[in-house]
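> Quick check, what structure comes out for this input:
(one chain, ligands or ions: 1)
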Amino acid sequence: MPDLRVEIDDDVATITLDRPDTLNALTVPLKEALLAAFRAVAADPAIRAVVLTGAGRAFCAGQDLRERLEPDVAPLADEIRLRYNPLIRAMRSLDKPIVGAINGVAAGAGASMAFACDIRLAAAGASFLLAFGRVGLVPDSGATWLLPRLVGGAKAAEMALLGEPLSAADAERMGLVTRVVPAEALVDEAQQLASQLARGAPQALALTKRALEQGWSATFEEQLETEAEFQGRAGDTADHAEGIAAFVERRTPRFSGS
Ligand code: T3D
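Now for the predicted structure:
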């Protein structure tokens, strides 16, 4: 795939944006490759968790701004609908957890992709930057929905309107990132976290991810019902029986995904 590496180690897929000379800026081929990678991960039952990171000193600088000067470039609204929105949907609807290993600056749609991960670890020098306003655009790729829910409306408005970077340390204080780690240890730690998630009960994790997602736009009553329904489904799995057996037998459960 162009400018994208997908490495599979046991049950964890690591997806690396690989255009370091442009800070992993997103071109049409890269966006298409990313979407294809998330779809392939979704279709492969052997993969149970994903790490998303960037090569070089950046996570992703968002849309490749030079590509926008090319003659056949799609109108902005079309590009958002055709390529960005499907990519963010694929991440949010993936029934496996995504750990973002934010190795450097995450700007524009790169920040949106970081927000679309389920859990984020950040390198000490990483930052989050809603750079859209600097080029006369509005935040997209889910940023205006995801960021207020992650950090609160006031901070999201500040970041979106001022376009100033949020440091990894501040992001950790606000809970946007779980942990700040030395750059050289970041991908290893993210893969360990993904492996830990991959040892969980896949259907329960998938339903948990979906319940959290639905909860953001549901009433309390609707959410109570969603929990009841999802619990019923989780309770019917072999993994639930295995979890109880392992508890009683005082051993580590081995979840098969069934
Ligand atoms: O289709 C659509 O357009 C709609 C979708 C929009 C979604 C969006 O993402 S809009 C927002 C686009 N992104 C930006 O506006 C961010 C642009 N980049 C920056 O502001 C800065 O590069 C950073 C703050 C991210 C990092 O700054 P710094 O000083 O660490 O690095 P740099 O020197 O600016 O960049 C290093 C190289 O990467 C440089 O190339 P060069 O001069 O060494 O050959 C620079 O041009 C290149 N680069 C960085 N960002 C982009 C880029 N090239 C193309 N597109 C980029 N977005």
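> neighbouring contacts of stretch 128-148?
By C-beta atoms under 8 Å, 6 or more residues apart in numbering, the residues outside stretch 128-148 that reach it are 61-62, 65, 76, 80, 84-85, 87-88, 92, 102, 105-109, 111-116, 155-157, 159-161, 163-166, 171, 176. Where you see a C-beta, it was placed from the backbone N, CA and C, and this is true even at glycine.
> now, which of the residues you listed lie close to the ligand?
Applying C-beta under 6 Å from any ligand atom to the contacts of stretch 128-148, one finds that A61, G62, L65, L76, I80, V105, A107, G108, A109 fall near the ligand.
> Of those, keep whichever come out buried.
Buried by 16 or more other C-beta atoms under 10 Å: A61, G62, I80, V105, A107, G108, A109, out of those.
> list the contacts for the residue nearest to F247 when sequence neighbours are not counted?
Spatial nearest neighbour of F247, excluding adjacent residues (C-beta to C-beta, 6 or more residues apart in numbering): P253 at 7.8 Å. P253 sits next to A201, D239, E242, G243, A245, A246, F247 when contact means C-beta under 8 Å, 6+ apart.
> Is R39 in contact with A90, as I believe?
Yes. In this structure, R39 is within contact of A90 by C-beta atoms under 8 Å, at 6.3 Å.
> more crowded one of the two?
The neighbour comparison of R39 against A90 (other C-beta atoms under 10 Å) goes to A90, with 18 against 13.
> How is the more buried one assigned, secondary-structure-wise?
Under DSSP: H, G, I helix; E, B strand; the rest coil, the three-state class of A90 is helix.
> With A36 instead?
From three-state DSSP, the assignment for A36 is helix.
> can you count the residues close to the residue nearest to M174 when sequence neighbours are not counted?
Nearest residue to M174 in three dimensions, chain neighbours excluded: V151, at 5.1 Å (C-beta to C-beta, 6+ apart). Using other C-beta under 10 Å, V151 has 20 other residues around it.
> How about the contacts made by V151?
Taking C-beta under 8 Å, 6+ apart, we find V151 in contact with M159, M174, G175, L176.
> Check the burial of the second one by counting its neighbours.
One way to gauge burial is a neighbour count; for M174, by other C-beta under 10 Å, it gives 13.
> quick one: pLDDT of it?
pLDDT, M174: 97.
> contacting residues around it?
V151, K155, L166.
> pretty sure the last one contacts M159?
Just to be clear, that refers to L166. Yes. With contacts counted by C-beta under 8 Å, L166 reaches M159, the gap being 6.0 Å.
> Could you list the residues of the stretch 1-150 of the chain in contact with the ligand?
Counting by C-beta under 6 Å from any ligand atom, the stretch 1-150 of the chain sits next to the ligand at 22-23, 25, 61-66, 68, 76, 79-80, 105, 107-109, 129, 131-132, 134-135, 137, 140.
> Could you export the helix or strand harbouring E79 as CSV, CA atoms only?
Counting by DSSP states H and E, the secondary-structure element that holds E79 is helix 76-79. In CSV, the C-alpha atoms belonging to helix 76-79 read as follows (Å, rounded to 0.1, in the frame of the first residue of the first chain):
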residue,chain,number,x,y,z
LEU,A,76,-13.7,20.2,-0.4
ALA,A,77,-17.2,19.0,0.6
ASP,A,78,-16.9,16.0,-1.8
GLU,A,79,-13.5,15.1,-0.4
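> Let's verify R250: helix, strand, or coil?
Of the three states, R250 takes coil under three-state DSSP.
> ok, how many other residues are close to it?
With neighbours defined by other C-beta under 10 Å, the count for R250 comes to 6.
> Can you name the residues that contact it?
For R250, the contact set (C-beta under 8 Å, 6+ apart) is empty.
> Pop out the phi and psi values for it.
With angles defined as degrees, to the nearest 10, R250 sits at phi 50, psi 50.
> Do you know the pLDDT at it?
For R250, the predicted pLDDT is 97.
> cool, M1 as well?
69.
> now the residue positioned nearest the centre of the chain, nearest residue through space, not along the chain?
Compute the mean C-alpha point of the chain, and by C-alpha atoms, centre = their mean the closest residue is C117, 1.7 Å away. Nearest non-adjacent residue to C117, counting by C-beta to C-beta, 6+ apart: G100, 3.2 Å away.
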